[in-house]
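**Q** Attaching a predicted model along with its sequence, questions to come.
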Amino acid sequence: MVQVVALESQTSVYQAAVAGAFAGAFTRAVAQPLDVVKIRFQLQIEPIKNGSRYTSMLQAVAAIVKEEGVATLWSGHVPAQFLSISYGILQFSVYEKLTQLCQRSDPQFFLVHKHWLNFCNGAIAATVATVVSFPFDTIRTRMIAEQKTNRAYKGFVHATSSMMKTEGMRALFKGLSPTLGQIAPHAGMQFAVYKLFTENILSKIAFFQRQNSLHGTVASSLSANLIAGSIAGCVAKTAIYPFDLVKKRLQIQGFQQHRKYFGKQMYCNGVFHCVKLTINEEGFLALYKGYWPSMLKAVLVTALHFAAYDEMKHLFIRIVS
């Protein structure tokens, strides 16, 4: 019987940080246009129907390109890259460190409760990464939200300095509360589902196995990692999506004057107020505006994120073995 081994115990925190940075940068570059479309839908107050500014993914992409240029699909890419790289470094390095601590402190307990520990470690790691990287998230949201034919910001540095000068340091953390409310279960589910499929389901099938150079063990293949990541992204995003929409709407408070071209604007002063206004004015399903581009992005990004990270870890193992 082949032995399936997880890579956590073979990966140093520094290797995890490098692999996390690479995974974050790579997936962000690929998926940024989907993020732009998703955020534009989330910030559209009018119902999604014929006559509204954005009615479907394809129509939204065509409208953005026609009215604002192709480069708009990569709006906010610089702060988005800072966000992804810093988040990837912290998330994966903290996760690996916590997992190694759990394995060393009580190996038997870890084996018995591995899935719950993966959930908890992933949730803690993501919470730490979110707090540190959140200002980049706010800045890239503002840069995506602005009308490109009437820019409010000249670039990442100007956006940062302008927000701090006119709105104060706290403006960089607008929307942090709903983000923390969603990030722990979101990341916890991602890690738990991903590890479940790579270590307990797909790794048991010969087609999804590959030889690990360390101790003759086998690990999940690239295709298995992509499939597991896709499933993990789908499950996690569906569960927490309304929190993401509320976060985006809070992040543009105080910025509405630069979005009048896009239609009606929402003015709210907190998480519950934003949820109440959204449901009262647009209906309950409005909490899922932008769901399909977000789901497509979640499936793509989570698959690439975990797969790129694990490929980098395999590379490190081959180098040192």
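**A** Structure's in. What do you need?

**Q** Tell me where this protein has helices.
**A** Along the chain, counting by DSSP state H, helices occupy 13-42, 57-68, 77-105, 107-112, 114-145, 156-166, 176-195, 222-251, 271-282, 291-320.

**Q** give the contact list for Q190.
**A** By CB atoms under 8 Å, 6 or more residues apart in numbering, the contact set of Q190 is 122, 232-233, 236, 302, 306. Glycine gets a C-beta too; all of them are placed from N, C-alpha and C.

**Q** again, only this time at 10 Å
**A** Contacts for Q190 (CB atoms under 10 Å, 6 or more residues apart in numbering) come out as 91, 118-119, 122-123, 126, 229, 231-233, 235-237, 298, 302, 305-306.

**Q** N118 versus that one, what's the distance?
**A** For Q190, the distance to N118 equals 10 Å [CB to CB, to the nearest Å].

**Q** try T130
**A** Using CB to CB, T130 is found at 18 Å from N118.

**Q** between those two, who's got more neighbours?
**A** Taking other CB atoms under 10 Å, T130 and N118 do not tie; N118 has more neighbours (27 against 22).

**Q** how close does that one get to F110?
**A** 10 Å.

**Q** Which neighbours do those two have in common?
**A** With CB under 10 Å, 6+ apart as the test, N118 and F110 both reach 99, 102.

**Q** Give me the buried positions along stretch 48-56.
**A** 48, 53-55 (16 or more other CB atoms under 10 Å).

**Q** end-to-end on that stretch?
**A** End-to-end distance of stretch 48-56 (CA to CA, to the nearest Å): 8 Å.

**Q** dump the residue contacts of V131.
**A** 90, 173, 176, 179-180, 183.

**Q** try A60
**A** 36-38, 40-41, 44, 48, 53-54, 290, 293.

**Q** can you put these in CSV and add distance to T72?
**A** As requested, these are exported to CSV (distance: CB to CB, whole Å):
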residue, distance to T72
V36, 7
V37, 10
K38, 14
R40, 10
F41, 15
Q44, 16
I48, 20
R53, 14
Y54, 13
G290, 16
P293, 15
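
**Q** E167 against F255, yeah?
**A** Yes - with contact defined as CB atoms under 10 Å, E167 counts as touching F255 (8.7 Å).

**Q** So for those two, which residues contact both of them?
**A** Joint contacts of E167 and F255 (CB under 10 Å, 6+ apart) are K174.

**Q** Looking at these two, which has the bigger crowd around it?
**A** Set side by side, E167 and F255 show more neighbours around F255, with 20 against 14, by other CB under 10 Å.
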